[in-house]
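Asks: The amino acid sequence is not available; the structure is as follows:
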């Protein structure tokens with residue numbers, strides 16, 4: 001750093017309300033120690049800035065960030081939207097869509113509905129039984 005630049009910097013410091021510079025710094029030719037001292041004084045006058053932040057970046061509140069990223073439950077609004085509609089899909093179409101979206105694994109398949117057996121009625125009538133009784137046992 002040249003002596004002229006140092007003098008200019010000191011003049012700026014003096015103009016900013018410092019008053020008159022100390023006599024040891026007016027010369028600026030005492031060697032590298034005087035330059036280092038001037039730098040240290042200049043740095044002490046500047047307001048300390050937060051070195052952890054990037055220039056122009058605002059420090060955000062952690063609570064605000066948490067609330068921003070917190071999952072929102074849309075169940076109530078979705079139910080209102082679904083119940084508002086009057087159109088109801090055909091049952092066969094609904095079953096077809098569900099079947100297409102179902103996986104191939106056995107755990108994804110719905111349980112098989114057991115077919116109800118009809119109570120078996122007799123093929124023979126009462127009259128056939130009487131006729132058989134007469135023929136087999138020989139009773140009238």
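Replies: Right, received. Where do you want to start? Everything numeric here is computed off the predicted structure, so don't read it as measured data. Residues are numbered from 1 along each chain as shown.

Asks: Wait, residue 109 touches residue 98, no?
Replies: No. Residue 109 lies out of contact with residue 98 (C-beta atoms under 8 Å); the separation is 11.2 Å. The way it works is simple: take the backbone N, C-alpha and C, and place the C-beta from them, glycine included.

Asks: Around residue 58, how many other residues sit close by?
Replies: By the measure other C-beta atoms under 10 Å, the count of residues near residue 58 is 6.

Asks: Sorry, slip of the keys, the one I care about is residue 36.
Replies: Around residue 36 there are 10 residues (other C-beta under 10 Å).

Asks: and what of the one 4 residues further on?
Replies: Using other C-beta under 10 Å, residue 40 is surrounded by 9 other residues.

Asks: which ones are touching it?
Replies: Applying C-beta atoms under 8 Å, 6 or more residues apart in numbering to residue 40 gives no contacts.

Asks: next helix or strand past the lowest-mean-pLDDT helix or strand in the chain?
Replies: Within the chain, no helix or strand scores below helix 23-27, which has a mean of 54 by mean pLDDT, DSSP states H and E. From helix 23-27 onward toward the C-terminus, using DSSP states H and E, the following helix or strand is helix 32-45.
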